[in-house]
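Chemist: can't give you the sequence, but here's the structure:
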């Protein structure tokens, strides 16, 4: 018959093995999710983590804070007369290579909509922007008004279509706080999406949110239900 001490040791060993197994399974699940997302969702648009928030994002003061600008993320918004800009903000080190992209849903009324991007931050040139800049910061403006044939993109998982208007990679000249802004010239209004970052990163919790994400993205793109 085993002693109480031996039974305790056996129990601890079993608990340790169960903990190890749970950690291993979590790692495997995380790896499988990343593989499935990258394989099935496409590596260009939905590989971005969607940003859904009620924040106004209409000024530097209300800008949506991005914790990791290297992780691919996208925000869907509509430019209107009352909300003429969409502001994101993040901090980054000097020489950080920032990938940014802007596009619009494939909707007939948006075929001539040409929103622009502006990167605002320390050490950037003083490009003209149609709105006041935070004090002491410069700006680099990326216009899309010359784009005649946007790049068509079909996202398989959400069954949505987009016109990609412009993609840029910018090496940041200084460390500090930056802003990425989407805006429209000439009083144009319409829906757009603005993205930054390239590194795909999804958690187990993200998998649970995918059905809701898909529904919201389809609604934004005005996908007709069969």
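Modeler: Noted; the coordinates are in hand. Keep in mind the model is a prediction, meaning the values are calculated, not measured.

Chemist: Kindly state the domain boundaries assigned to this protein.
Modeler: 1-40, 49-220 (automatic domain parsing).

Chemist: The shortest one - what's its average pLDDT?
Modeler: Meaning domain 1-40. Mean pLDDT, domain 1-40: 54.

Chemist: And the longest one, by the same measure?
Modeler: For domain 49-220, the mean pLDDT works out to 93.

Chemist: can you give me the offset of it from its chain's centre?
Modeler: 8 Å (CA atoms, centre = their mean, to the nearest Å).

Chemist: picking up where we left off before, just put the domains of the chain in TSV and tack on mean neighbour count.
Modeler: In short, each C-beta sits where N, CA and C put it, glycine included. Below are these laid out as TSV (neighbours: other CB atoms under 10 Å):
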stretch	mean neighbour count
domain 1-40	11
domain 49-220	16
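
Chemist: what ranges do the helices span in the chain?
Modeler: 4-40, 204-220 (DSSP state H).

Chemist: Give me the residue at the spatial middle of the chain.
Modeler: Centroid-nearest residue in the chain: residue 73, 1.3 Å away (criterion: CA atoms, centre = their mean).

Chemist: so how far is residue 155 from it?
Modeler: To residue 155, residue 73 is 15 Å away according to CB to CB, to the nearest Å.

Chemist: So what are the sheet partners of the longest strand along the chain and their directions?
Modeler: Ordering each strand of the chain by length in residues (DSSP state E) puts strand 160-171 first. Paired strands of strand 160-171, with direction, are strand 97-105 (antiparallel), strand 151-155 (antiparallel) (DSSP bridges).
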